[in-house]
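>>> Could you work out the structure for the sequence below:
(one chain, ligands or ions: 1)
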Amino acid sequence: MSAGGAGKPLLLVSAALIEDAAGRVLLTQRKPRAHLPLCWEFPGGKVEAGETPEAALMREMREEVGIEIADLKPWRFVSHDYATFHLLMPLFSCRIASGEPQALDVHAVAWFERDQLRALDWPPADEPLLEALLAQ
Ligand SMILES: Nc1nc2c([nH]c(=O)n2[C@H]2C[C@H](O)[C@@H](COP(=O)(O)OP(=O)(O)OP(=O)(O)O)O2)c(=O)[nH]1
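Okay, here's the model as predicted:
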């Protein structure tokens, strides 16, 4: 990670840490032609102009996986330098208030056991989040 990066756009993305009663984690898989193709990641997306990070996450969860979320609490964030932009991504812990996750605008959606998480392909920015999650 670099502390420089002058001139690169800052991208603000909100993401969700959603666990079920058994401790499984809900992840989405990126599309084959997206940046970081087919990586598994915390569901979420870009915060649009005029939106709060929380409102953006609620919208993205509706659009991408068809669920309503509640009890959003800031959990961790990452600040990661990608080649063409700098990512600032708050990860909110939250719960599903209604709906069953479906792959509406993602390649796939699935629940994973904690011991399955390390074997997945993740975006590089997510490494510290994964470690924090597995450490708790
Ligand atoms: N949702 C999410 N994005 C992540 C994670 N880790 C990570 O590096 N990213 C990056 C990948 C993308 O470059 C960026 C999210 O942008 P995106 O293009 O997928 O967001 P979006 O859903 O708003 O997409 P779009 O409407 O522009 O197609 O953040 C993560 O855990 N979850």
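>>> C-alpha only now, for contacts and for neighbours.
Will do.
>>> which bits of this structure sit near the ligand?
Counting by CA under 6 Å from any ligand atom, the positions of the chain adjacent to the ligand are 13, 15, 35, 41-46, 123, 125-126.
>>> mind running it again at 8 Å?
Contacts of the chain with the ligand, taken as CA under 8 Å from any ligand atom, map to 11-16, 30, 34-36, 40-47, 60, 64, 80, 87, 89, 122-126.
>>> now, which of those residues lie within helices?
Within the residues of the chain next to the ligand, residues falling in helices by DSSP state H are Glu60.
>>> Got a ChimeraX select line for the buried ones in the residues of the chain next to the ligand?
Of the residues of the chain next to the ligand, the buried ones go into a single ChimeraX selection, burial set by 16 or more other CA atoms under 10 Å:
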select :12,13,14,15,16,30,36,40,41,42,43,44,45,46,47,60,64,80,87,89,122,123,125,126
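>>> Tell me which residues touch the spatially most central residue of the chain, please.
Among the residues of the chain, the one closest to the centroid is Phe42, at 2.8 Å (CA atoms, centre = their mean). Counting by CA atoms under 8 Å, 6 or more residues apart in numbering, Phe42 touches 15-17, 26-28.
>>> how about the strands in the protein?
10-18, 25-29, 40-41, 44-46, 68-81, 86-98, 108-112 (DSSP state E).
>>> any weak-confidence spans in the protein?
For the chain, the stretches with pLDDT under 70 are 1-6.
>>> change it to 50
1, 5 (pLDDT under 50).
>>> I'd like the distance between Met89 and Val13.
Per CA to CA, to the nearest Å, Met89 is found 5 Å from Val13.
>>> Oops, could you answer that again for Thr28 instead?
For Thr28, the distance to Val13 - CA to CA - is 15 Å.
>>> For burial, what's the neighbour tally of Leu130?
16 (other CA atoms under 10 Å).
>>> Correction: the previous question concerned Pro90.
Neighbours around Pro90, by other CA under 10 Å: 19.
>>> what do you get for Ala83?
8.
>>> Please state the backbone phi and psi of it?
phi -60, psi -40 (degrees, to the nearest 10).
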